[in-house]
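S.K.: Fold the following for me, if possible:
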Amino acid sequence: MMYKIYLSREAEKFLSRLSRGEEEKIIRRIEKLGEDPEHFGEFRGNFWVLKIGKAGYRVSYRFSKEEKIVKIGAIERRSSSGYKRRFY
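M.R.: Okay, the predicted model is just below:
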């Protein structure tokens, strides 16, 4: 059974600022989380992180096996100033 994916407003806003190609690449990877969020991510204590491509995007998320949902909290470029604040 697939997980339903929810994006935070912050994640939606981040995606809206990207080129169409970059946005589509990130969305394709996020959709993979619907198959098995544990398989594609890395656990960081309170949340999971999905690493995306050589561009260095990172997606933070949480999921519930019981409810079959994945909640995307934030998307950041690894080189951004907000990366360390959010992901470590």
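S.K.: all contacts plus neighbour counts: C-alpha atoms, from now on.
M.R.: Fine.
S.K.: Quickly note the distance from the residue most central in space within the chain to Glu35.
M.R.: The structure's the chain has its C-alpha centroid closest to Val59; by CA atoms, centre = their mean the separation is 2.8 Å. Distance of Val59 to Glu35, given as CA to CA, to the nearest Å: 16 Å.
S.K.: can you check Trp48 too?
M.R.: With CA to CA as the criterion, Trp48 and Glu35 are 15 Å apart.
S.K.: So for the two, which sits in the more crowded spot?
M.R.: Between Trp48 and Glu35, counting by other CA atoms under 10 Å, Trp48 is the more crowded of the two (21 against 14).
S.K.: Longest helix of the chain, counting residues only.
M.R.: Taking DSSP state H as the criterion, the chain has its longest helix at helix 20-32.
S.K.: Kindly check the end-to-end length of stretch 45-61 for me.
M.R.: For stretch 45-61, by CA to CA, the gap between its terminal residues amounts to 12 Å.
S.K.: All further residue positions should be reported with the first residue as 54.
M.R.: Sure, I'll start numbering at 54, so the last one becomes stretch 98-114.
S.K.: Tell me, how many residues neighbour Lys78?
M.R.: Counted with other CA under 10 Å, Lys78 comes out at 12.
S.K.: Same question for Phe100.
M.R.: Other residues close to Phe100 by other CA under 10 Å number 15.
S.K.: Phe67 now?
M.R.: There are 15 residues near Phe67, going by other CA under 10 Å.
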